[in-house]
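Student: Just a sequence and a predicted model for now, questions to come.
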Amino acid sequence: MATSWGSILQDEKQLEELAKQAIDRALAEGVLLRSAQHPSSSDVVTYAPFTLFPSPVPSALLEQAYAVQMDFNILVDAVSQNPAFLEQTLSSTIKKDDYTARLFDIYKQVLKEGIAQTVFLGLNRSDYMFQCGADGSKALKQIEINTISASFGGLASRTPAVHRHVLNVLNKTKEASKI
């Protein structure tokens with residue numbers, strides 16, 4: 001297989017073959033989810049979405065994300081405890097989106113009945129993208145905070161094996177060893 005990144009990325013046939021091998025490795029590594037056709041069955045699964053190649057993250061940008069996460073968690077928690085703010089902010093969405101309306105109805109019912117717990121667990125996922133400047137500089141940009149959809153966190157420990165396999169197939173052993 002080709003080893004220069006330029007030739008790898010331009011060879012459509014090679015990329016298709018590499019994708020098939022990556023899917024097989026993902027299945028073997030347990031990067032799985034239930035299929036859309038059989039969402040209640042553990043007997044029918046498919047591979048979870050993943051990138052073919054790993055995305056290197058500069059350590060300075062990773063540290064930036066770590067540095068602000070606690071503050072974002074505190075903010076999300078404070079917002080969750082402000083019913084008037086939530087109702088005002090979500091009012092137009094509640095009118096148009098049934099899912100959000102149902103969640104907000106549950107929220108109001110819990111408030112009406114009284115909150116029984118004294119301890120709460122928040123599983124928040126912050127999604128980021130890089131902004132690349134004309135000079136080659138990179139900046140971290142937060143694109144969303146997920147307070148409901150944090151489901152693929154458990155796959156994070158399994159995906160590196162898939163990426164190592166892909167890089168090893170391409171004879172990129174130096175890159176594979178850094179994962």
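Tutor: Now that the structure is in, tell me what you want to look at. As the structure is a prediction and not an experimental result, all values here were calculated from the model.
Student: what about the closest residue to Ala176 other than its chain neighbours, distance to Ser55?
Tutor: Leaving aside its sequence neighbours, Ala176 sits nearest to Leu167 (C-beta to C-beta, 6 or more residues apart in numbering; 3.8 Å). For the C-beta atoms, the positions are set from N, CA and C on the backbone; glycine is no exception. According to C-beta to C-beta, to the nearest Å, Leu167 and Ser55 sit 13 Å apart.
Student: These two - which one has more neighbours?
Tutor: A side-by-side neighbour count of Leu167 and Ser55, using other C-beta atoms under 10 Å, places Leu167 first with 19 against 7.
Student: Are we agreed that the more buried one is in a helix?
Tutor: Yes - under DSSP: H, G, I helix; E, B strand; the rest coil, Leu167 falls within a helix.
Student: list the buried ones in stretch 55-75?
Tutor: By neighbour count on 16 or more other C-beta atoms under 10 Å, the buried set for stretch 55-75 is Asn73.
Student: what is the rounded mean pLDDT of that stretch?
Tutor: For stretch 55-75, the mean pLDDT works out to 94.
Student: what sits up against that stretch?
Tutor: For stretch 55-75, the external contacting residues (C-beta atoms under 8 Å, 6 or more residues apart in numbering) are 122, 124, 126, 128, 130, 138-140, 142, 145.
Student: ok, 6 Å please
Tutor: 124, 140 (C-beta atoms under 6 Å, 6 or more residues apart in numbering).
Student: For the protein, name the helix or strand with the lowest mean pLDDT.
Tutor: The helix or strand of the chain with the poorest confidence is helix 5-10; it has a mean of 87 (mean pLDDT, DSSP states H and E).
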